[in-house]
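> next come a sequence and a model predicted from it.
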Amino acid sequence: MSRTPITAGNWKMNKTVEEASVFAEALLAGLPGMDGIEVIICPPFTALYPLSQKCAGSPVQIAPQNMHWEAKGAFTGEISAGMIQECHCHYVVLGHSERRHIFRETSEEIGKKVKAALDAHLCPILCVGETIEEREVGKTEQIIKEQLLLGLTSVSPEKASQVVVAYEPVWAIGTGKAATPDDAHFVISYIRQFIGDEYGPVVAEAVRILYGGSVTPDNVYDFMKDPDIDGTLVGGASLDPAKFLKIIQESRRAK
Ligand code: PEP
């Protein structure tokens, strides 16, 4: 089975609505002809709706960087799956390492978010990854396994192939020190194996697994030429439309 590759840009807390709109114009102008790849932009909440409007009918999907698991209520500062759907989003990023480490989100909470997203027919992009300390003591696989077990705890085999997993080693995010393609391959193969053990070979073959961590136009080809790596989640380099377009172009060239 062939998996459609993904290039996703995580803007974190960057870009006003106006700046997002200028970016979208440049991106849309550069995209024609770049088929066969899904392009996702993850702006701050404020730009979700305007960007969805702007990109309607184009190959670009808009996705939030987080959401709450409850449908509504006294959860100041949060947004729900229903609110995300109202912005015409199809994907949602969950469990990003900045959410885990700065905002102390637990894997149990992330698991509740994954369930709520799937219940609302959204595809979660579930981020997993080890810290440098965990890596140095040889705990990478153990940490990834724990994050997957808890993150996917309520996911049925019927829905599992809708989940996208992003392997983002924490030490590679925003540091300029990307993992080597071999390191990424090793962990991504482990993730696919884990999914196969939990859900069977058909789901393992269908689930898309991305690499994230200091991806640039110069290194993306080497990740994407690995048949097990289905795309990238890009932070810093996704803020510049020319760089982001180059990453999409190089990703297509590799597949
Ligand atoms: C990210 O924010 O998910 C990320 C991978 O950031 P960067 O590409 O800047 O390392």
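Ah, there it is.
> please tell me how far T175 sits from F223.
16 Å (CB to CB, to the nearest Å). Yep, even glycine has a C-beta here, placed from its N, CA and C like the rest.
> actually A172, not the one I typed
11 Å.
> do you know the pLDDT at the residue lying closest to Y91 once chain neighbours are set aside?
Spatial nearest neighbour of Y91, excluding adjacent residues (CB to CB, 6 or more residues apart in numbering): A63 at 3.9 Å. Here the pLDDT value assigned to A63 is 98.
> ramachandran coordinates for the residue most central in space within the chain?
Centroid-nearest residue in the chain: I125, 4.3 Å away (criterion: CA atoms, centre = their mean). The phi/psi pair for I125 (degrees, to the nearest 10) reads phi -100, psi 100.
> then the one 5 residues further on?
For E130, the backbone dihedrals (degrees, to the nearest 10) come out as phi -100, psi 160.
> and it, how many neighbours does it have?
23 (other CB atoms under 10 Å).
> which residues does it contact?
139-140, 143-144, 169-171 (CB atoms under 8 Å, 6 or more residues apart in numbering).
> from those, pick the one nearest N14.
Set against N14, the nearest of those by CB to CB is V170 (19.5 Å).
> could you check the pLDDT of the closest one?
pLDDT at V170 comes out at 98.
> and T175 and F223? Which one has more around it.
Shown here are T175 and F223; by other CB under 10 Å, F223 has more neighbours (25 against 13).
> wait, that one touches G213, no?
No - counting by CB atoms under 8 Å, F223 stays clear of G213, with 9.7 Å between them.
> now the common contact residues for the two.
Joint contacts of F223 and G213 (CB under 8 Å, 6+ apart) do not exist.
> the residue of the chain found nearest the ligand: neighbouring residues, count only.
Taking CB to the nearest ligand atom as the measure, the chain has G235 as its residue closest to the ligand, at 2.1 Å. The number of residues packed around G235, counting by other CB under 10 Å, is 21.
> so which residues on this structure come close to the ligand?
10, 12, 168, 173-174, 212-215, 233-237 (CB under 6 Å from any ligand atom).
> are any of the residues you listed buried, and if so which?
Neighbour counting with 16 or more other CB atoms under 10 Å marks 10, 12, 168, 173, 212-215, 233-237 as buried within the residues of the chain next to the ligand.
> closest one to D197 out of the residues you listed, please.
E168 (21.9 Å).
> which residues in the chain form helices?
Applying DSSP state H to the chain gives helices spanning 17-30, 48-55, 81-86, 97-101, 107-119, 132-136, 140-151, 157-160, 181-199, 201-206, 220-224, 241-254.
> how about the ones you listed in CSV, adding mean pLDDT?
CSV is the format used below for those (pLDDT from 0 to 100):
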stretch, mean pLDDT
helix 17-30, 97
helix 48-55, 97
helix 81-86, 97
helix 97-101, 97
helix 107-119, 98
helix 132-136, 97
helix 140-151, 98
helix 157-160, 96
helix 181-199, 98
helix 201-206, 97
helix 220-224, 98
helix 241-254, 97
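> so which of those helices is nearest E38?
Going by CB to CB, the one of the helices of the chain nearest E38 is helix 241-254, 9.8 Å.
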